[in-house]
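In: please find the sequence and the predicted model below.
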Amino acid sequence: MRVTFLGTGTSHGVPSIGCECPTCLSSDPRDNRLRPSIYVQSDAAAVLVDAGPDLRQQALRHRIRRVDAIVFTHGHADHILGIDDVRRFNALMKGAMPCYGDPATLDDIRKTFGYVFDPAAPKGGGVPMLELRPIAGPFSVGDLQLQPIPIRHGRKPILGFRTGGFAYLTDCNALADEAWAMLGALDVLVLDALRERPHPTHFSLSEAVETAGRIAARRTYFTHMCHDLPHEATNARLPDGMQLAYDGLVLDDLPLS
Ligand SMILES: [Zn+2]
Ligand SMILES: [Zn+2]
Ligand SMILES: [Zn+2]
């Protein structure tokens, strides 16, 4: 199994519009962060986790042609606004895109993309063909078995996912009690770490380090960073086995189970 980080930035992206802070002006490509998403591939499946506003650019940059399903963590704009670009994948796959999410997320998608689900809406440029599939427990896409992990994004319960020894927990500031038992013996953990200062819906870096220490994966990568966390300087002071992820980072040869 291979995981490609398509975007590791917070909802504004880094650089953020009109900002002249050192991270936003940095020439280090790892300080350029698109909106958060990963692409997971096995021999028999390819899954996108979230479809944010940078999906088109991410798909072109990584020459992504194949997506068998999109798995959504939650319905915030930075995770779903790429849905219109699913039209290209519909053309390539000659069919509707299976879209997995919890019921609240699928509701958010129906509301945000009302024209897609309104039979009376004019279909001039075509609309994405989406097959919404509510998540009610573990499910699989090809040979990828996906375990939903209940996490908390402020007061909002949302989902992270585990497949094999890899877990992706973006947009959270707490884990549900039952999540801990689902995160044993991880090879790789990806965890939200927005910035240093506390935030009501995201882990700060120190909270993320503490939580990652408790989960104790072999390697931890942080994601969903804002411009307060410059890549190199932040990495230099993280504990062993913990790093910031960056756009374009590829993790290869992850075991499927
Ligand atoms: Zn900035
Ligand atoms: Zn969010
Ligand atoms: Zn987000």
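Out: Here it is on my side, so go on. Ligands and ions are numbered 1, 2, ... in the order given.
In: going forward, measure contacts between C-alpha atoms and count neighbours the same way
Out: Will do.
In: distance between stretch 43-58 and the chain's centre?
Out: 9 Å (C-alpha atoms, centre = their mean, to the nearest Å).
In: which residues does it contact?
Out: 1, 6-7, 34-41, 66-73, 77-83, 85, 141-144 (C-alpha atoms under 8 Å, 6 or more residues apart in numbering).
In: restricted to buried residues, select those residues in PyMOL.
Out: Per 16 or more other C-alpha atoms under 10 Å, the buried members of those correspond to this PyMOL selection:
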select buried, resi 1+6+7+34+35+36+37+38+39+40+41+67+68+69+70+71+72+73+77+78+79+80+81+82+83+85+141+144
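In: and the contacts of stretch 43-58, which of them are in helices?
Out: 77-80 (DSSP state H).
In: what about stretch 122-141, distance to the chain center?
Out: Centre-to-centre, stretch 122-141 and its host chain are 17 Å apart (C-alpha atoms, centre = their mean).
In: swap that for stretch 242-257, sorry
Out: 13 Å.
In: tally of neighbours for the residue of the stretch 151-257 of the chain found nearest ligand 1?
Out: Nearest to ligand 1, among the residues of the stretch 151-257 of the chain, is residue 227, at 4.8 Å (C-alpha to the ion). Residue 227: 24 surrounding residues under other C-alpha atoms under 10 Å.
In: need the pLDDT of it.
Out: Here, the pLDDT recorded for residue 227 equals 98.
In: does it really touch residue 23, like I thought?
Out: Yes: counting by C-alpha atoms under 8 Å, residue 227 does reach residue 23; the two are 5.6 Å apart.
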